[in-house]
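# Just a sequence and a predicted model for now, questions to come.
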Amino acid sequence: MRAIGMTRFGGPGVLRELDHPEPAVGDHEVRIHVAAATVNNGDLMMRRGEVHQLRHDAPWVPGMEAAGVVDAVGARAANRFRVGEAVTAHVWPIDPRGGAYGELTVADMNRVLRIPHGASVAQAATLPMNGLTAYQAVEAMGLERPGTVAVIGAAGAVGGYIVQLAVAAGHRVVADAADTDRALVESLGAHVVVPRGDGVVDAIRAAVGEVDAVALAAMPTLDAAEIVRPGGAVASVFGFSDPGQAMTARRRHVRLAPVLVDAIPDPAPMLRHLGELTESGELTLRVADELPAEDAPEAHRRLESGGVRGRIVLRF
């Protein structure tokens with residue numbers, strides 16, 4: 001089959017068209033004839049050789065999200081999906097069979113969702129991994145009743161989904177945005193918008209005081225616990241690498257909650273809920289641009305340069 005991948009690590013130019021073996025489908029898996037695959041930051045890391053779980057030899061085929069039509073189903077997946085259904089899926093690119101940047105890809109049946117009504121195939125491709133990350137970030141805040149939450153990186157793909165999911169859960173959301181993104185973030189439902197940048201903690205404190213929780217979808221080393229009430233939480237899609245974050249959290253009795261979407265044992269209920277929110281209009285799927293699959297190097301360059309709002313989608 002045709003795939004986009006690399007035989008060495010490096011810049012966007014290492015991506016090229018490959019003749020890759022068709023992936024076999026396991027008992028618990030669904031094979032998808034790919035129409036659209038998103039370009040995510042994890043793809044950039046894989047291309048640069050920064051994914052330590054990647055242990056098989058070249059070639060490597062990136063891609064964490066795909067949408068298309070079911071091509072084959074494993075024995076245990078056959079009671080849930082059938083050939084010909086339009087689906088979207090969270091894919092494991094570290095699998096030797098390859099990720100989503102190919103004409104065919106496989107995914108565990110618990111990470112596959114029928115495309116929500118009203119969503120295009122490109123829009124649907126942005127939902128599974130990005131949506132699960134945002135969903136888990138909201139859950140990781142651990143708020144049992146509506147509160148005030150801050151979302152850092154609100155204009156990005158994951159950050160925007162976090163804003164909408166937090167609003168859907170009944171929370172009051174304060175979010176950051178550059179001047180050029182303010183209208184976008186307001187349209188996502190943020191109740192208060194503050195300027196993004198190094199002064200964001202002070203800006204949030206000035207606008208709303210302390211918050212019940214923070215979700216970090218940008219600025220991974222931000223000392224966000226400074227504005228969280230004791231007993232609250234900071235959820236981060238990056239994990240926590242700065243010792244100062246842990247020190248502040250201990251001092252203020254704030255919980256640090258890393259978001260590990262790959263570790264969710266059964267994300268199927270979350271995916272179904274995300275699909276329902278999409279169909280109800282509470283979650284807006286955002287495509288920044290659609291490019292032919294062979295333009296993957298350009299897509300990587302654009303994402304690496306920053307400022308992409310929504311996800312770039314590769315079409316096969």
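Looks like it arrived, so ask away.

# Can you pull the domain assignment for the protein?
2-127+285-315, 131-262 (automatic domain parsing).

# how far does stretch 82-90 sit from the chain's center?
19 Å (CA atoms, centre = their mean, to the nearest Å).

# what's the span of it, first residue to last?
Start-to-end span of stretch 82-90 (CA to CA, to the nearest Å) is 18 Å.

# what comes up buried for that stretch?
85-90 (16 or more other CB atoms under 10 Å). Backbone N, C-alpha and C define where each C-beta goes, glycine included.

# average pLDDT across that stretch?
For stretch 82-90, mean pLDDT is 98.

# go on, stretch 135-150?
97.

# Can you name the residues that contact P12?
47, 296-298, 300-301, 304 (CB atoms under 8 Å, 6 or more residues apart in numbering).

# Select only the buried ones of those in PyMOL?
To isolate the buried subset of the contacts of P12 in PyMOL, counting by 16+ other CB under 10 Å, use the following:
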select buried, resi 47+296+297+298+300
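
# Ends of stretch 109-122, what's the gap?
20 Å.

# Let's test this: what are the backbone torsions at V173?
Main-chain torsions, V173, degrees, to the nearest 10: phi -110, psi 130.

# What's the separation between it and A235?
13 Å (CB to CB, to the nearest Å).

# so which strand or helix has Q164?
Assessed by DSSP states H and E, Q164 sits inside helix 157-168.

# Tell me which stretches of this structure form helices.
41-48, 121-125, 128-140, 157-168, 182-187, 200-208, 243-252, 268-280, 296-305 (DSSP state H).

# where does the closest residue in space to G98 that isn't next to it in sequence land on pLDDT?
Spatial nearest neighbour of G98, excluding adjacent residues (CB to CB, 6 or more residues apart in numbering): V61 at 3.3 Å. Confidence at V61, expressed as pLDDT, is 98.

# Same question for A263.
For A263, the predicted pLDDT is 88.

# any idea how far R309 is from V185?
In terms of CB to CB, R309 sits 10 Å off from V185.

# cool, and P269?
28 Å.

# More neighbours: these two, which one.
Between P269 and V185, V185 has the larger neighbour count (other CB atoms under 10 Å), namely 23 against 10.

# residues in contact with the closest residue to that one other than its chain neighbours?
Once flanking residues are discounted, V185 sits nearest to A177: 4.1 Å by CB to CB, 6+ apart. By CB under 8 Å, 6+ apart, the residues touching A177 are 154-155, 184-185, 190, 193-196.
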